[in-house]
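In: the following comprises the amino acid sequence and a computationally predicted model.
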2 protein chains.
Amino acid sequence: MIDVAIIVRPVGRVDSPLIDLDQAPKQGDEGAPDAWLVFDESVSEGLLDLRVGMDVLVLTWLDRACRDVLKVHPRGDPARPLTGVFSTRSPDRPNPIGLHRVTIVAIDGLRLQVRNLEALNGTPIIDVKPVLDPGTER
Amino acid sequence: MIDVAIIVRPVGRVDSPLIDLDQAPKQGDEGAPDAWLVFDESVSEGLLDLRVGMDVLVLTWLDRACRDVLKVHPRGDPARPLTGVFSTRSPDRPNPIGLHRVTIVAIDGLRLQVRNLEALNGTPIIDVKPVLDPGTER
């Protein structure tokens, strides 16, 4: 099954002051700066109905990750035992998709400013979805 | 930016009694059956540390979706106004990645049985991540 290839095309890019891995926090609520999501004009209609104040899930492609890693020390801490990547949030994994819950703080055309995004500058954006908390439905 | 192509390789497939779209519920907690996640042997080490009872996020590639759709009637209801896909959970979107929160109910080697998965039989699995609820960390 591993021979089937799926083609994903980025719908935008992250514009962030985070430029290298050493600066990046492990999770967005651990001190990540505000960042801009810059979308391609071809998907502008998909952005309709996003509003300031909404929480959304941003899916990114962590293009600086290692894809041949299956076990990691969680949070890069060698004191923690090696753990299967599917039990961790490590960016290193066969398909390095980042999943980020962020709050929209400003909208300017094809650009959305969001709070708490730990992705590096230039990271491709591949999807945006509303948060589905229990009891909400759309 | 839209010209850059990212190659995703499935790490497994969904084995489910759901075989067509008409049967599938809109969300996993709306009556989806139990299903098996069948992983490729090449990623078996990544599965270590997954345990019965854990809640995980399963990312799938919704291979029967339409990728040129940017506005939809939410939940397929024509009475609802057309809405930008990034504000909905519609499977039809530029990169049709499914995001499913499921509970692991059994493990048998490369096969994980999970509760509440609304994906169709044969759907490619592209990633698995632990649920990060506020206050938990791994």
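Out: Received it, and whenever you're ready, just let me know what you need. In this text the structure is predicted, and so the values were computed from the model without any measurement.
In: contacts and neighbour counts: CA atoms only from here.
Out: Will do.
In: got the phi/psi numbers for the closest residue to A:Pro96 other than its chain neighbours?
Out: Leaving aside its chain neighbours, A:Pro96 sits nearest to A:Leu62 (5.3 Å; criterion: C-alpha to C-alpha, 6 or more residues apart in numbering or on different chains). Dihedral pair for A:Leu62: phi -80, psi 80, per degrees, to the nearest 10.
In: mind listing what A:Leu62 touches?
Out: A:91, A:96-98, A:119, A:123-124 (C-alpha atoms under 8 Å, 6 or more residues apart in numbering or on different chains).
In: roughly how far apart are the nearest residue to A:Leu18 once chain neighbours are set aside and chain B?
Out: Excluding the flanking residues, the one nearest A:Leu18 by C-alpha to C-alpha, 6+ apart is A:Leu120, at 5.1 Å. The gap separating A:Leu120 from chain B is 17 Å, by C-alpha to the nearest C-alpha, to the nearest Å.
In: A:Leu120 in helix, strand or coil?
Out: coil (DSSP: H, G, I helix; E, B strand; the rest coil).
In: next, count neighbours for it.
Out: For A:Leu120, the neighbour count with other C-alpha atoms under 10 Å in any protein chain shown is 22.
In: contact partners for it?
Out: Per C-alpha under 8 Å, 6+ apart, neighbours of A:Leu120: A:14, A:16-21, A:24.
In: return the members of those classed as buried.
Out: A:14, A:16-18, A:24 (16 or more other C-alpha atoms under 10 Å in any protein chain shown).
In: now, which of the residues you listed lie within strands?
Out: Counting by DSSP state E, the members of these that fall within strands are A:Val14.
In: let me know the closest of the buried ones among the contacts of A:Leu120 to chain B.
Out: Nearest to chain B among these, counting by C-alpha to the nearest C-alpha, is A:Val14 at 11.8 Å.
In: just send the buried ones among the contacts of A:Leu120 back as JSON lines, with pLDDT too.
Out: Below are the buried ones among the contacts of A:Leu120 laid out as JSON lines (pLDDT from 0 to 100):
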{"residue": "A:Val14", "pLDDT": "97"}
{"residue": "A:Ser16", "pLDDT": "95"}
{"residue": "A:Pro17", "pLDDT": "92"}
{"residue": "A:Leu18", "pLDDT": "91"}
{"residue": "A:Ala24", "pLDDT": "68"}
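In: any chance of the buried ones among the contacts of A:Leu120 in TSV, plus distance to A:Gly76?
Out: Listed next are the buried ones among the contacts of A:Leu120 as TSV, based on distance: C-alpha to C-alpha, whole Å:
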residue	distance to A:Gly76
A:Val14	24
A:Ser16	23
A:Pro17	22
A:Leu18	19
A:Ala24	13
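In: quick one: which of the contacts of A:Leu120 is nearest B:Arg75?
Out: B:Arg75 has its nearest neighbour among the contacts of A:Leu120 in A:Val14, at 29.4 Å by C-alpha to C-alpha.
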